[in-house]
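Trainee: Provide a 3D model corresponding to the input given below.
(chains A and B)
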Amino acid sequence: MSVRVRFAPSPTGFLHVGGARTALFNWLFARHHGGQFILRIEDTDRKRLVPGALEDILDSLRWLGLNWDEGPEVGGPYGPYIQSQRLEIYREHAHRLVAMGHAYYCFCSEERLERLRREQEARKQPTGYDRFCRYNVSPEEAQRRIAAGEPFVIRLKVPLEGTTTFHDLVHGEISVQNRTQDDFVLLKSDGYPTYHLANVVDDHLMRITHVMRADEWIPSTPRHILLYRAFGWEPPQFAHLPIILSPTGKGKMSKRVLQEQGRWETAVFVRDFREEGYLPEALVNFLALTGWAYDDKTELFTVEELIEKFDISGINPKPAAFNYEKLEWMNGVYIRRLTPEALAERLCPYLEDLGLHPDLETLRRAIPLIQERIKTLREGAEMLEFLWKEDVSPVLEDLVPKGSAPEQVRVWLTEALRALEGLPEFTHEALEAALRGLAERLGVKAGTLFMAIRVAVTGRRVTPPLFESMALLGRQRTLTRLESAIRLLEQVPSSER
RNA sequence: GCCCCCGUCGUCUAGUGGCCUAGGACGCCGCCCUUUCAAGGCGGAGAUCAGGGGUUCGAAUCCCCUCGGGGGCACCA
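Mentor: Numbers count the residues shown, from 1 in each chain, chains lettered A, B, ... in the order given. Below you'll find the model as predicted:
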């Protein structure tokens, strides 16, 4: 039988890296086995729907390269793939379970359930439904009350004894006593299914063979097994993935936790990583490695290699902290491996985000200057910003090296200006020769002089190599920038010179 | 409170009874290169395998207990 797996997000927020990793593992597993990867949208909670979330999930998945064989926009033989469009199916299945004697109608009000829970908590007893309607409402009475328009839910008759056991592909044998499970709701009073019902019905109808999902579902898996049995269906295989923790290993990967821990990182959604200039292939490689390992040395994998090597047995059951530094390093590696043309192309959107309109020729020549010194595309765009910016507006404290006076720097820059004006050729070699000579004549350390010029010309202390940068900028703009830096220094009150 | 899961360097991990005086990677430190920042090269620190008991000739690996961390207990997913 062919492998069929699914990723089933709820459109209640943007796609989180944790969700992305779940999707990735499912996708890799499907591709490895030549099976199908299905995308199903679980939007049965109408109160928590977030506008734009579905689009973000689809976009993020596509950006990562995780294409789906069946699902929204592509269709498939078991559709529709959006649960809100399958309501009739769940309703029919829930009622069928009642007819089979495995489920029952419950008319308990929310107030009664709330009171019940409070009492249980007060007595420090396990909370859960007390099965009132299972024992006290006959099928005939139930029919009468439904006909009279009374709201109801459908609950599963959970066996009172015995244990439910399943073999998890990551965690091994897991078993739970049935008496610790209450008669959970299958169909809500608004006619919508709960996650449990919709999930099981769809996984069965869509012929899902392996359910790979987040760890947090382990406690409800026995319920799902019970549901499969009630229907008389064969349950799929389960593999529960450990969650991704914040970099400290304490707390979830969320904006709030990151902030509370005083971290510099802020990205938690796939779109955040995209905005910061991470390459999708680097994120994929990194994500594959959090919670999974192939051997004791391989770290860099192409997608094809990942597909070839991926195996559930390599999944670590331990929750993993998200290591931003390693992701940065890996992104740098991927950037360095890009062809210059590819890097130029990928950089463009980030330059445009800075409000720049780069000319391709300059960009092409600038790439070799930054390729090995950036970790993200955004960083690359920022590093090249000076090439197209109208005014780089250096700040005084960057312009004046420690231990120097503004007046000194003014003299240096003026001398530099003079030297460059008459330069026959405005090339890297000519610039270097001229400015090294100048440093010597001035009796200044080359590095110190260069830093002042660097800041004057680019507005920053961290830049691509100076002479290449100036050559790229061109004589005219270089001189103009030196002039404005000199003017800035002239404005310093004489007492501070 | 009840139920479940997890526990090897700061972090990601290799390890499935002897090859482990525990290997790799990120990060960190030092040196080299160097016009800034990187990249690169070389070297280094860093884990009594959560703790305690067993089993065994032999345990990070098997068993038990304890501790610590996480998750679940909704007409949310």
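Trainee: all strands for chain A, in order.
Mentor: Taking DSSP state E to define them, one finds strands in chain A at A:4-7, A:36-39, A:103-106, A:153-156, A:163-168, A:172-177, A:185-187, A:210-214, A:237-241, A:244-245, A:320-321.
Trainee: need the ones you listed in a markdown table with mean pLDDT, can you?
Mentor: Below are those laid out as a markdown table (pLDDT from 0 to 100):
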| stretch | mean pLDDT |
| --- | --- |
| strand A:4-7 | 97 |
| strand A:36-39 | 98 |
| strand A:103-106 | 96 |
| strand A:153-156 | 96 |
| strand A:163-168 | 90 |
| strand A:172-177 | 87 |
| strand A:185-187 | 96 |
| strand A:210-214 | 95 |
| strand A:237-241 | 94 |
| strand A:244-245 | 92 |
| strand A:320-321 | 92 |
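Trainee: Just tell me which of the ones you listed ends up closest to residue A:439.
Mentor: Comparing these against residue A:439 with CB to CB, the closest turns out to be strand A:320-321 (47.7 Å). Where you see a C-beta, it was placed from the backbone N, CA and C, and this is true even at glycine.
Trainee: what about chain A, any weak spots by pLDDT?
Mentor: A:494-497 (pLDDT under 70).
Trainee: distance of residue A:466 from residue A:450?
Mentor: Residue A:466 is 5 Å from residue A:450, where distance means CB to CB, to the nearest Å.
Trainee: I should have written residue A:77 there, sorry.
Mentor: Looking at residue A:77 against residue A:450, where the rule is CB to CB, the gap reads 66 Å.
Trainee: Settle it for me: which of these two has more neighbours?
Mentor: When residue A:77 is set against residue A:450 and neighbours are counted by other CB atoms under 10 Å, the residue ahead is residue A:450, at 19 against 7.
Trainee: how near is the more buried one to RNA strand B?
Mentor: Summarising the geometry, the distance separating residue A:450 from RNA strand B, computed by CB to the nearest atom of the strand, to the nearest Å, is 4 Å.
Trainee: contacts for stretch A:93-112?
Mentor: The contact list for stretch A:93-112 (CB atoms under 8 Å, 6 or more residues apart in numbering) reads A:129, A:132-134, A:137, A:142, A:145-146, A:150-157, A:183, A:185-187, A:193, A:197, A:201, A:230-231.
Trainee: for stretch A:446-455, same thing?
Mentor: If you take CB under 8 Å, 6+ apart as the criterion, stretch A:446-455 is touched by A:394, A:398-401, A:404, A:409, A:412-413, A:416, A:435-436, A:438-439, A:442, A:460-461, A:463, A:466, A:469-470, A:482, A:485.
Trainee: returning to what we had before: looking at the strands of chain A, spot the one closest to residue A:349.
Mentor: For those, distance to residue A:349 was read as CB to CB. The smallest value, 25.7 Å, belongs to strand A:36-39.
Trainee: Convert the C-alpha atoms of that closest one to PDB, please.
Mentor: Taking C-alpha atoms only, strand A:36-39 is exported to PDB below (Å, rounded to 0.1, in the frame of the first residue of the first chain):
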ATOM      1  CA  GLN A  36       1.300  11.300  -1.300                       C
ATOM      2  CA  PHE A  37       1.500  14.400   0.800                       C
ATOM      3  CA  ILE A  38      -2.000  15.800   1.600                       C
ATOM      4  CA  LEU A  39      -2.800  19.200   2.900                       C
END
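Trainee: List the contacts of residue A:152.
Mentor: The neighbourhood of residue A:152, defined by CB under 8 Å, 6+ apart, consists of A:105-107, A:142, A:145-146, A:189.
Trainee: got it, and residue A:367?
Mentor: Residues in contact with residue A:367, defined by CB under 8 Å, 6+ apart, are A:340, A:343-344, A:347.
Trainee: Which of those are buried, as a ChimeraX select command?
Mentor: The ChimeraX command for the buried members of the contacts of residue A:367 (criterion: 16 or more other CB atoms under 10 Å) is given here:
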select /A:343,344,347
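Trainee: re the thing from before, of the contacts of residue A:152, which are in range of RNA strand B?
Mentor: residue A:189 (CB under 7 Å from any atom of the strand).
Trainee: Out of the contacts of residue A:152, which comes closest to residue A:263?
Mentor: Ranked by distance to residue A:263 (CB to CB), the contacts of residue A:152 are led by residue A:189 at 43.0 Å.
Trainee: ok, that closest one touching residue A:150?
Mentor: No - Residue A:189 is not in contact with residue A:150 according to CB atoms under 8 Å; the separation is 9.7 Å.
Trainee: okay, the two: which has more neighbours?
Mentor: It is residue A:189, of residue A:189 and residue A:150, that has more neighbours when counted by other CB under 10 Å, with 15 against 12.
Trainee: What's the local residue count around the closest residue to residue A:129 other than its chain neighbours?
Mentor: Setting aside the residues directly before and after it, residue A:129 is nearest to residue A:182 in space (CB to CB, 6 or more residues apart in numbering), at 4.5 Å. Around residue A:182 sit 16 other residues, with neighbours defined as other CB under 10 Å.
Trainee: Can you pull the residues of the stretch 1-150 of chain A lying near RNA strand B?
Mentor: Within the stretch 1-150 of chain A, the positions near RNA strand B by CB under 7 Å from any atom of the strand are A:8, A:10, A:12, A:42, A:44-45, A:48, A:108-110, A:113, A:117, A:124-129.
Trainee: same thing with the stretch 301-450 of chain A?
Mentor: Where proximity means CB under 7 Å from any atom of the strand, the interface of the stretch 301-450 of chain A facing RNA strand B comprises A:313-314, A:316-321, A:323, A:325-326, A:328-329, A:332-333, A:336, A:372-374, A:432, A:446-447, A:450.
Trainee: and the residues you listed, which of them are in helices?
Mentor: Cross-referencing these against helices under DSSP state H gives A:325-326, A:328-329, A:332-333, A:336, A:432, A:446-447, A:450.
Trainee: Now, of those, which are buried?
Mentor: A:328, A:332, A:432, A:450.
Trainee: who are the neighbours in contact with the third one?
Mentor: For residue A:432, the contact set (CB under 8 Å, 6+ apart) comprises residue A:467.
Trainee: quick one: it and residue A:465, what's the gap?
Mentor: From residue A:432 across to residue A:465, the span is 10 Å (CB to CB).
Trainee: That's all I had, so thanks and see you.
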